[in-house]
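1. Using only what follows, build the 3D model:
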Amino acid sequence: MSQSKEKEQEGGVYETIKVIAQALLLALVVRTFLFQPFFIPSGSMKDTLLIGDYLFVSKYSYGYSKYSFPFGLAPFEGRIWSSPPERGEIAVFKLPKDNSTDYIKRVIGLPGDEIQMINGVLHINGEAVERKRIDDYIEKDAYGNIHKIPRYIETLPNGVSYQTLDITTNGSLDNTPVYHVPADRYFMMGDNRDNSQDSRVLSEVGYVPFENFIGRAEIIFFSVEDDQPAWMFWKWPWTVRWDRLGDVL
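-> Alright, predicted model coming up:
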């Protein structure tokens, strides 16, 4: 092989490696500073988010903390370029119990708030949150049985409305003591009120530090039936929930 051809091959390998490295670096920058994809593995946010939903979370919405970076590797504490979450937003955060598990819930209580559940009705600072009964949520189990779950539209004091599911008004978390949200902490709840381990369970989730927030949920970019693997692309015509693609949260 001539020297010129060897140099051409070496140059081609170098260019390929450079392009791959640049692509990986760009992906890392986008994931760290702009948007990060997340998968929904549980039904705690039904029917806003379903098992099998894939969504983008904006990393810049609340600024950046060490948890914004891969493996929490950042040489600073607290947040930089911070903007506090607003009541009613859906946010991804690191579970305070271990600072590593990703959770996604809705922001219900702000620092200084008093939160309480009374007979399944959310109370904020002593006032019952407006709640309107709508049509049932229809769910089919693995055996084909149909279940009807009471569904409501809940409207927070700042006007944000969303749907919640409430199987019973006498569940284990439907009547609680008053929670006093500390400074720089937030009270997070799932929309599926009787199937959500959230800030109501102080020993497991509790009050979430602002530093633990990763980002705000923005849009569902893919969704597949919860019993179907997403990688089976040849089944997508039947398993993808096309009507959910592009839903803004």
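2. nearest residue to residue 89 other than its sequence neighbours?
-> For residue 89, ignoring the flanking residues on the chain, the nearest one in space by Cβ to Cβ, 6 or more residues apart in numbering is residue 107 at 4.9 Å. To be clear about C-beta, it is placed using only N, CA and C from the backbone, and glycine gets the same treatment.
3. okay, now the one you found: neighbour count?
-> By other Cβ atoms under 10 Å, 24 other residues sit near residue 107.
4. Over to residue 67?
-> Using other Cβ under 10 Å, the number of residues around residue 67 comes to 22.
5. pLDDT score assigned to it?
-> Among the per-residue scores, residue 67 holds a pLDDT of 82.
6. buried residues in stretch 162-177?
-> For stretch 162-177, the neighbour count (16 or more other Cβ atoms under 10 Å) marks 162, 164-167, 173-174 as buried.
7. and the residue nearest to residue 89, what does it touch?
-> Residue 107 sits next to 85-91, 186-188 when contact means Cβ atoms under 8 Å, 6 or more residues apart in numbering.
8. where along the chain do the helices fall?
-> Here the chain has its helices, by DSSP state H, at 3-29, 236-239.
9. If I average pLDDT within each of the ones you listed, which one is lowest?
-> Among those, helix 3-29 carries the lowest mean pLDDT (a mean of 62).
10. what about the closest residue to residue 216 other than its chain neighbours, how many residues close to it?
-> Nearest non-adjacent residue to residue 216, counting by Cβ to Cβ, 6+ apart: residue 61, 4.0 Å away. Per other Cβ under 10 Å, the neighbour tally for residue 61 reads 17.
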